[in-house]
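# Using only what follows, build the 3D model:
(chains A and B)
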Amino acid sequence: MGGVSICAYMGKDPSCKDIKARHNLVAGAPYGGFVMPGHNCGDYSSRFEGNVAHSIRGQKSGHGLVMQNGPDQPDCTEMSDFKAYKCYWNGAFMYPNSKQGKMTRMTVVDNIQGMGGMIANKNNEYDMDIVDLVFNDIKVYGEYGNPDCPQRGEGGYCYKTKKFGFFSALGTWSGKDFHIGETSPLPPHNVMSISSWGTRVELHHVHFINFKPETDMGMPMRAFELHPWGSDLIPMHEFYDTKFINVAPAALGYFFEPPKGWAIIKDCGAWPCTAPKNTIFSLQRTSFEQGRPSFGT
Amino acid sequence: MNLWTCKNDDLGILMFESEDEDKVDRSLQPIYTRLQGTDMNNKVNSFMDHVWDGFYQGQIRLSRFPMIVWAPPKSYNNPTGAVYDVVYTGTPAKKMRYYLRSQNKDLAMTVRIAYPSAESRQILKDGKRIEMNEWDEAARGYGAVTGRFCGENRYIGVKNILEFYLTAGCTLHIAPRDAIQTMVRMEWTMDEFFSAGGTTTFVDRVAGSLGIHASTIKVVSVYEGSVVLNYDIVPDDNEANPEKALKRIHSKQTQKFSTGKMDLGAPILDVQAK
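Next comes the predicted model:
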């Protein structure tokens, strides 16, 4: 179920055109706040501007935005001017099967897994010039405001989870439906396919704001992490003009060790798959405000 | 925080994969990548099997390998550049694709792959074969890879090592090459062999005996015992039917050896061809 499902509930619909969705607020939906294709790349005509999702949570799901490409967007799709907070998984997530997917002017606040993107790009995986996933002008906030466990557990709900602002993007051979009808492929960013060869990921003007080493509930919190199911190939992430504002050195990031649970015959065989140990986030023109870690000189 | 923060522009990701038909079925891993002159030894696994129906697994594990490398370009302080040994613990794939990803366009590395046998192989770039470096008579092998261009390569005989130069943003393919592979042992000393013209004269003699162009004969290795010489005969690039041409040459060579009409400049003690 999606709070607002646009041209998505019955799958990709070529006859679904010229929809405008502006300044809507979705809260408490179980699957996705907004489940929809993006607009055409570069079309900032405010078709989809100003939408907000919060408190999205369901069975193995809970994304503020689940975005793919429309059937008339084989080359590029984009989402812009979207905001999300307090979602169980990602505030905003894209998984198009076009050549490019973009997110622009997004703001995500205090989501468990911030935001991220994947792309089903098998058809052009050997085209090394295409920048498959582009994040531009993004504000990612850490824990902010409303408690996850009000009144020490007596407030009606209590969630104790680690949190991070951005997880590494991936390219895969196949994608997923807008609305996933089985539990196995959930959540939508669960990797169920072979990783593509030449996925390129660029992030421009991303601001990570207010990340401390632990949440108020004492759980780990970081600006970025690896994709939790990124076992095979995590593309090099090229960050440009990134700004860390009030980010504690210990909260910068966490590249997890390949889990021992991957070392079973049905997954990786005798020892875990090795992508997490062969990942590079390359940052250029990085700046820091309200605290500069020793490595940030 | 659980990551390394590095102020280093010389990092990249070396990617390579099998292009064989059994690329999802046959295991090549673990694969070790070792940077010469260091203790760096990166062990990588192939991809996860993502197919599982609840009872049976798919047994589909793609032989595709990304790995972090440190590959600074050659400089006065680093005259050899980064030389990596890629060590397969399974038989290496016949056909492979290699690529080096980095933000630093100057990144470059020499890749060395040891093969279990002396099959004839070639390096392809943009679909075109890049010839091996010229034979170096003094070194008694092909000239060293010096990093002149992406795809520069050589084969080190006896050790069966294929060595090639890879730069950032460049894609190379390794592929088998149809060839007649011949080993001949001659009653000569190494000094006599080389003082009598070495490989150049030898190639001319083979070409003359078989009536083929010298450029189609590639010496693979020369080593002592008395003198053992491995060479490949490859089809001419202009040949309309390379397979048929190789069969014809193979038949002619066999006939010449069996009738004693193969003039290589010294008595032939042993010969094998396939």
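
# mind listing the strands for the stretch 51-200 of chain B?
Counting by DSSP state E, counting those that start in this stretch, the stretch 51-200 of chain B has these strands, from start to end: B:64-70, B:82-88, B:96-101, B:108-114, B:121-125, B:128-130, B:135-136, B:141-142, B:153-156, B:161-167, B:171-176, B:180-186.

# Quickly run through the sheet partners of the fourth one, with directions.
Strand partners for strand B:108-114, identified by DSSP bridges, are recorded as strand B:82-88 (parallel), strand B:161-167 (antiparallel).

# Count the neighbours of the residue nearest to A:Gln73 when sequence neighbours are not counted for me.
Spatially, and ignoring its direct neighbours in sequence, A:Gln73 is nearest to A:Ser98 (5.3 Å; Cβ to Cβ, 6 or more residues apart in numbering or on different chains). Using the backbone N, CA and C atoms, a C-beta is placed for each residue, glycine as well. Here the number of neighbours of A:Ser98 (other Cβ atoms under 10 Å in any protein chain shown) works out to 26.

# Tell me the secondary structure of A:Ser98, please.
Counting by DSSP: H, G, I helix; E, B strand; the rest coil, the backbone at A:Ser98 sits in coil.

# my read: it touches A:Glu78, true?
No - A:Ser98 is beyond contact range of A:Glu78, at 9.8 Å (criterion: Cβ atoms under 8 Å).

# While we're on the residue nearest to A:Gln73, how confident is the model there?
We have a pLDDT of 96 for A:Ser98.

# most remote residue from the chain's center?
Assuming you mean chain A. For chain A, the largest distance from the centre (Cα atoms, centre = their mean) belongs to A:Glu154, which lies 31.2 Å off.

# Chain B was what I was after
Max distance from the centre of chain B (Cα atoms, centre = their mean): B:Gly54, 42.5 Å.

# Show the backbone phi and psi for B:Ala214.
phi -60, psi -30 (degrees, to the nearest 10).

# Low-confidence stretches in the stretch 1-150 of chain B?
In the predicted model of the stretch 1-150 of chain B, no residue satisfies pLDDT under 70.

# is it true that B:Phe257 lies in a helix?
Yes - counting by three-state DSSP, B:Phe257 is located in a helix.

# bridging residues for the residue nearest the centre of chain B?
Closest to where the C-alpha atoms of chain B average out (Cα atoms, centre = their mean) is B:Leu162, at 2.9 Å. In this entry, B:Leu162 is beta-bridged to B:Ile113, B:Tyr155, by DSSP bridges.

# Show the model's pLDDT score for residue 211.
This is for chain A. A:Phe211 is given a pLDDT of 96.

# try again with chain B
92.

# mind pulling up the phi and psi values for it?
With angles defined as degrees, to the nearest 10, B:Gly211 sits at phi 70, psi 40.

# So the closest residue in space to it that isn't next to it in sequence: helix, strand or coil?
Counting by Cβ to Cβ, 6+ apart, B:Lys252 is the residue found nearest to B:Gly211 once chain neighbours are left out, at 7.6 Å. For B:Lys252, the assignment made with three-state DSSP gives helix.

# Enumerate the residues of the stretch 1-150 of chain A near chain B.
A:Tyr126, A:Met128 (Cβ under 8 Å from any Cβ of the partner chain).

# List the residue ranges of the stretch 1-150 of chain A that fall below the pLDDT cut-off.
In the predicted model, the stretch 1-150 of chain A carries pLDDT under 70 at residues A:1.

# residue of it with the smallest distance to chain B?
Scanning the stretch 1-150 of chain A for proximity to chain B using Cβ to the nearest Cβ identifies A:Met128 as nearest, at 6.9 Å.

# isn't that residue right up against B:Cys170?
No - in this structure, A:Met128 is not within contact of B:Cys170 by Cβ under 8 Å, at 9.5 Å.

# So for the two, which residue has more residues nearby?
Taking other Cβ under 10 Å, A:Met128 and B:Cys170 do not tie; B:Cys170 has more neighbours (18 against 15).

# got a list of what the closest residue to B:Gly81 other than its chain neighbours touches?
Leaving out its chain neighbours, the residue that sits closest to B:Gly81 by Cβ to Cβ, 6+ apart is B:Lys74, at 4.1 Å. With contact set as Cβ atoms under 8 Å, 6 or more residues apart in numbering or on different chains, B:Lys74 has these partners: B:Thr80, B:Gly81, B:Ala108, B:Gly147.

# picking up where we left off before, make TSV from the strands paired with strand B:108-114 and add distance to A:Gly117 to it.
Shown next, in TSV, are the strands paired with strand B:108-114 (distance: least, Cβ to Cβ, whole Å):
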stretch	distance to A:Gly117
strand B:82-88	31
strand B:161-167	29
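
# Mean neighbour count, the ones you listed: which tops it?
For the strands paired with strand B:108-114, the largest average neighbour count (mean count of other Cβ atoms under 10 Å in any protein chain shown) is found in strand B:161-167, namely a mean of 22.

# Name the surrounding residues that touch that one.
So strand B:161-167 is contacted by B:14, B:98-100, B:107-115, B:121, B:123, B:145, B:147-156, B:172, B:174 (Cβ under 8 Å, 6+ apart).

# repeat that with 6 Å
The contact list for strand B:161-167, computed with Cβ atoms under 6 Å, 6 or more residues apart in numbering or on different chains, reads B:98, B:100, B:108-114, B:121, B:123, B:145, B:147, B:150, B:152-155.

# Tell me the buried residues within the residues you listed.
Using 16 or more other Cβ atoms under 10 Å in any protein chain shown as the burial test, these include B:98, B:100, B:108-113, B:121, B:123, B:145, B:147, B:150, B:152-155 as buried.

# ok, for B:Ser19, nearest residue in space, not its chain neighbours?
Residue B:19: Glu, not Ser. B:Glu19's closest residue in space is B:Lys95 (Cβ to Cβ, 6+ apart), at 3.9 Å.

# Show the contacting residues for the closest residue to A:Met79 other than its chain neighbours.
With Cβ to Cβ, 6+ apart as the criterion, A:Met79 has its nearest non-adjacent residue at 4.3 Å, and that residue is A:Gly38. By Cβ under 6 Å, 6+ apart, A:Gly38 lies in contact with A:Met67, A:Thr77, A:Glu78, A:Met79.

# Of those, which pair is most distant in space?
Maximum pairwise distance in the contacts of A:Gly38, criterion Cβ to Cβ, is 8.9 Å, between A:Met67 and A:Glu78.

# Kindly state the beta-bridge partners for the most centrally placed residue in chain A.
Using Cα atoms, centre = their mean, the residue of chain A that lies closest to the mean C-alpha position is A:Gly116, 1.7 Å off. Going by DSSP bridges, A:Gly116 is paired in beta bridges with A:Phe93.
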